[in-house]
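**Student:** Here is a sequence together with a model predicted from it:
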Amino acid sequence: MSYNSTFSDNPMSKHTQPETDDHSGTEAQLLDVVAMPLKGRHLIEASAGTGKTFNITRLYLRLLLEKKLNVKEILVMTFTKAATEEIKGRIAKTLREALLIWQQAKDNGNEIDSSCDPVYQHLFNSCDTDESLALLKAAQLELDEASVFTIHGFCQHVITQLAFNSGFAMSLNLGNDTSDLYLEAAEDFIRKISKSEDEFRLLAESGWHIPEKLLREFNASIKSTLTPLLLSEEDIEAACKKQLDEAPHTSLAYVKSLLQSVEDNEGLLVEQLIKTPAHKKERPQELAALKAWLRSCVDEQSYYLPPPEAEAFVKGNRYARNSSGVKELLTPIKDFAGALKKAFGEKDKALGKVPHLKLGCVLAWMNKVIIFRRPKRKPLLKVTDMREIHLV
């Protein structure tokens with residue numbers, strides 16, 4: 001029997017006149033989860049996002065309550081691991097929802113809410129309430145053992161369960177082992193890089209000239225479907241400046257306020273920090289260097305590391321015990337200089353990695369090599385967005 005399914009806000013479709021399937025010559029009809037027999041073979045065809053998983057959960061519930069099967073006896077197979085997790089989650093949600101509705105209906109004199117899901121109404125009215133509650137609770141407890149698999153996962157499960165009967169090794173793994181292909185691609189990659197002495201030197205500095213170590217280091221990146229993104233030196237410079245611009249205590253507006261405070265209170269600084277003849281030999285030049293550094297940042301709208309003279313002028317031991325306001329004036333400048341040196345250190349570290357990262361980005365090429373080297377098999381079946389449900 002073939003159903004041509006369409007769905008609306010209410011996934012339960014109304015009976016309509018059968019339609020002829022042009023491909024098979026058989027009649028197709030709209031899916032009715034309540035009326036569909038729980039035996040034989042049913043092919044459900046639908047577009048993406050039209051409610052296939054929703055109706056699978058309803059059929060699952062019918063098999064639990066009408067056929068009284070446990071979760072191990074109902075097999076649900078799909079194509080990807082992500083899809084199996086989604087289906088398990090949806091089944092769990094359906095079981096919780098059904099258990100709550102059954103309990104509420106029982107407490108309400110065995111009267112179910114007429115506005116709830118039609119499948120729930122059908123099952124509540126056609127199955128024993130207490131028995132259904134027991135089956136739902138048991139299904140929730142055993143859900144971790146539910147038979148929801150990918151095709152490969154199901155085959156692996158059967159081989160493991162029937163290892164003695166089948167004669168297969170118990171450690172047999174049906175997963176595609178492409179480790180040899182990745183190793184071969186890594187060797188080709190290193191051989192290609194070795195043609196350039198400078199690039200091979202960079203590779204060897206990190207120990208990546210050894211194929212096995214290269215694969216261990218970049219295993220996740222190589223197998224990722226994401227495109228590697230490499231920041232250029234200009235990008236790193238711009239990112240550093242943006243980070244400083246957006247921080248409240250390193251922004252250029254803040255630097256301008258620091259410069260203004262120094263200029264407005266220059267007399268106080270001279271009075272408190274340039275007192276003795278020894279001070280007058282070096283500190284006036286240090287103060288001038290401090291103002292010149294801050295002014296260059298403001299005028300050129302950029303950031304520069306403080307010169308040694310400027311750093312010397314804001315040393316904390318010079319004004320630690322000063323109560324005239326000098327400490328409050330110079331401490332923010334000292335903190336700004338420290339933040340600037342930290343940011344520039346991180347930037348230089350990132351810039352130092354650029355040559356190595358350029359080599360790392362070639363790993364995308366390695367992944368393409370793997371894809372092209374995989375033996376091409378003629379497809380036995382064209383997979384479309386369909387679900388086939390076998391009910392015995």
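**Tutor:** Everything's here; your move. Residues are numbered from 1 along each chain as shown.

**Student:** quick one, phi/psi of G109?
**Tutor:** G109 adopts backbone torsions of phi 70, psi 40, taken as degrees, to the nearest 10.

**Student:** now swap in V314 and tell me
**Tutor:** Per-residue torsions, V314: phi -100, psi 10 (degrees, to the nearest 10).

**Student:** residues in contact with the closest residue in space to C127 that isn't next to it in sequence?
**Tutor:** Nearest residue to C127, sequence neighbours excluded (CB to CB, 6 or more residues apart in numbering): L65, at 4.8 Å. In short, each C-beta sits where N, CA and C put it, glycine included. Listed by CB atoms under 8 Å, 6 or more residues apart in numbering, the contact set of L65 reads 123, 127, 132, 135-136.

**Student:** just the buried members of these?
**Tutor:** The neighbour count (16 or more other CB atoms under 10 Å) marks 123, 127, 132, 135-136 as buried among those.

**Student:** burial of L61, as a residue count?
**Tutor:** The burial count assigned to L61 is 24, neighbours taken as other CB atoms under 10 Å.

**Student:** Likewise for S114?
**Tutor:** Going by other CB under 10 Å, the residues that sit close to S114 add up to 7.

**Student:** Quick one, grab the pLDDT at the residue nearest to it when sequence neighbours are not counted.
**Tutor:** Nearest non-adjacent residue to S114, counting by CB to CB, 6+ apart: Q121, 7.3 Å away. The model reports Q121 with a pLDDT of 92.

**Student:** Which of the helices or strands spans Q121?
**Tutor:** According to DSSP states H and E, Q121 maps onto helix 118-126.

**Student:** Can you point out the buried residues in the following helix or strand past that helix?
**Tutor:** With elements assigned by DSSP H and E, the helix or strand that comes after helix 118-126 is helix 129-141. Using 16+ other CB under 10 Å as the test for burial, helix 129-141 gives 132-133, 135-136, 139-140.

**Student:** E86 contacts K52, correct?
**Tutor:** No. Using CB atoms under 8 Å, E86 is not in contact with K52; the gap is 11.2 Å.

**Student:** So which of those two has more stuff around it?
**Tutor:** K52 (21 against 14).

**Student:** gap between that one and K281?
**Tutor:** With distances taken as CB to CB, to the nearest Å, K52 is found 85 Å from K281.

**Student:** could you pull out the helices for the stretch 1-150 of the chain?
**Tutor:** Residue ranges of the helices in the stretch 1-150 of the chain, as given by DSSP state H, counting those that start in this stretch, are 52-65, 81-107, 118-126, 129-141.

**Student:** from the chain's centre, how far out does stretch 38-49 sit?
**Tutor:** Taking the mean of its C-alpha atoms, stretch 38-49 sits 32 Å from the chain's own mean (CA atoms, centre = their mean, to the nearest Å).

**Student:** Rounded mean pLDDT for that stretch, please.
**Tutor:** Stretch 38-49 comes out at a mean pLDDT of 84.

**Student:** returning to what we had before: would you mind checking which of the contacts of L65 is nearest to K342?
**Tutor:** Of all the contacts of L65, K342 sits closest to L136, with 58.8 Å by CB to CB.

**Student:** could you list every residue that touches the residue lying closest to the closest one once chain neighbours are set aside?
**Tutor:** In space, and not counting its chain neighbours, L136 is closest to L99: 4.5 Å by CB to CB, 6+ apart. Shown in contact with L99 (CB under 8 Å, 6+ apart): 133, 136-137, 140.
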